[in-house]
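Asks: Predicted structure and sequence below. I'll ask about it afterward.
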Amino acid sequence: MRQPGSYFVVFRLNSMVVGYGGFWLVVDEAHITNIAVHPHYRRQGYGTMILRHLLEAAASRHAIMATLEVRESNAVALNLYRKFGFRPVAIRKHYYSDSGEDAIVMLKDGLHAPLNEQG
């Protein structure tokens, strides 16, 4: 987390950690490593806020694209990423060691453009 190019954020509501997220900046690409929201605060827009913040932070650091991996079964996350303009570009077979599930690699380019209401 303290490496050059690392960026992580924690979202709090009063003293409760609601969620967190982060990316690694590699040249002009922000690789989103994590986005997580506490189960009690899901479906309230916090994932959207975290992702929007990460994309804006990446753009301010001159990233022109963002990538991430997501479990193929995670429909909620897939919908969020699509809303922000991510598109699937590859599959990583058996990526998740806990289940052997495949990961969908997603890409969003054009980070220099302002985010619209949908992402």
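Replies: All right, it came through fine. These figures come from a predicted structure and were not determined experimentally.
Asks: Run me through the strand neighbours of the longest strand anywhere in the chain, direction for each.
Replies: Ranked by residue count under DSSP state E, the longest strand found in the chain is strand 16-26. According to DSSP bridges, strand 16-26 forms sheet pairs with strand 6-13 (antiparallel), strand 29-37 (antiparallel).
Asks: how near is the residue nearest the centre of the chain to Leu107?
Replies: The residue lying closest to the centre of the chain (Cα atoms, centre = their mean) is Ile32, at 4.7 Å. According to Cβ to Cβ, to the nearest Å, Ile32 and Leu107 sit 11 Å apart. All C-beta spots, glycine's among them, are computed from the backbone N, C-alpha and C.
Asks: got any residues that touch both of those two?
Replies: Common contacts of Ile32 and Leu107, defined by Cβ atoms under 8 Å, 6 or more residues apart in numbering, comprise Ala66, Thr67.
Asks: closest to Arg43 out of the strands paired with strand 16-26?
Replies: strand 29-37 (8.8 Å; Cβ to Cβ).
Asks: May I have that closest one exported as CSV, CA atoms only?
Replies: What follows is strand 29-37, C-alpha atoms only, in CSV (Å, rounded to 0.1, in the frame of the first residue of the first chain):
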residue,chain,number,x,y,z
GLU,A,29,-3.1,2.4,-16.3
ALA,A,30,-4.9,2.2,-13.0
HIS,A,31,-5.3,-1.4,-12.0
ILE,A,32,-8.2,-1.5,-9.5
THR,A,33,-7.2,-4.1,-6.9
ASN,A,34,-10.1,-4.0,-4.5
ILE,A,35,-13.5,-2.5,-3.9
ALA,A,36,-15.4,-3.7,-0.9
VAL,A,37,-18.5,-2.5,1.0
